[in-house]
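Visitor: Structural data only, the sequence is not supplied:
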């Protein structure tokens, strides 16, 4: 199989603090990982593409200094929401690709629900 | 540029009835197309994918989709709906030039007993 985990599954934090979300591919090496954001009843919005050992590529409109992405190994990528504010509250989902090719399946994590008070 | 349109944000069917979820795409090159299902408060699970092989693609849980180039469509069907099929369904496209996926707005499927 191809299992992707996320930790934590749910986090509540105070405004102004930073939150780190981990995304792990448990049984395969992921050349590329993706981070998405999903608002209630809406689709997934791609935030950034993360390749192991290199800087993440952010989508237009996503603040790279606010959403820090580190892809330290072929099985781990982290998303840090810095100085979180209530408008950052959302469902964050990561995905991982086994290969780096076009059309390779993305396997999704279960998501992390962030609530900023 | 690629985009995905899912007609009908909400679809209701009776248990045992045909499920038809629509997906149309726009792409300048032959695309790779995917259907994912999302249950409440969970991530996405791959149902099936089209990668330029057979135009009729069979997936998990009895779902299938047919790629129709002339109609730029990739509709998802299931002959007989089950209560457990109630979920959110997303169509996604990936094409040459990048490995990103672009998702449709999703279709919420309700199954009526």
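Guide: Perfect, I can see it now. Source: prediction; values computed, not measured. Residues are numbered from 1 along each chain as shown, chains lettered A, B, ... in the order given.
Visitor: Around the residue in chain B that chain A sits nearest to, how many other residues sit close by?
Guide: Nearest residue of chain B to chain A: residue B:32, at 3.4 Å (CB to the nearest CB). In short, each C-beta sits where N, CA and C put it, glycine included. Applying other CB atoms under 10 Å in any protein chain shown, we find 21 residues neighbouring residue B:32.
Visitor: from what I can see it touches residue B:94, true?
Guide: Yes: in this structure residue B:32 lies within contact range of residue B:94 using CB atoms under 8 Å: 4.5 Å.
Visitor: show me what contacts residue 8?
Guide: All of this refers to chain A. The neighbours of residue A:8, taking CB atoms under 8 Å, 6 or more residues apart in numbering or on different chains as the test, are A:21, A:112.
Visitor: actually it's chain B I care about, not the one you picked
Guide: Counted by CB under 8 Å, 6+ apart, residue B:8 has contacts B:21-22, B:107.
Visitor: and the gap between the residue most central in space within chain A and residue A:51?
Guide: Nearest residue to the geometric centre of chain A (CA atoms, centre = their mean): residue A:35, 3.4 Å. Distance, residue A:35 to residue A:51, by CB to CB, to the nearest Å: 12 Å.
Visitor: next one: residue A:80
Guide: 17 Å.
Visitor: what do you get for residue B:69?
Guide: 32 Å.
Visitor: What of residue A:1?
Guide: Residue A:1 is 23 Å from residue A:51, by CB to CB.
Visitor: Please identify which of the two sits among more neighbours.
Guide: Neighbours were counted for residue A:1 and for residue A:51 using other CB under 10 Å; residue A:51 has more, 17 against 6.
Visitor: partner residues bridging that one?
Guide: When bridges are called by DSSP bridges, residue A:51 pairs up with residue A:32.
Visitor: quick one: contacts for residue 47?
Guide: All of this is about chain A. A:35-37, A:58-59, A:62, A:67, A:79.
Visitor: You answered for a different chain; I wanted chain B.
Guide: By CB under 8 Å, 6+ apart, the neighbours of residue B:47 are B:34-37, B:59-61, B:63, B:76, B:89.
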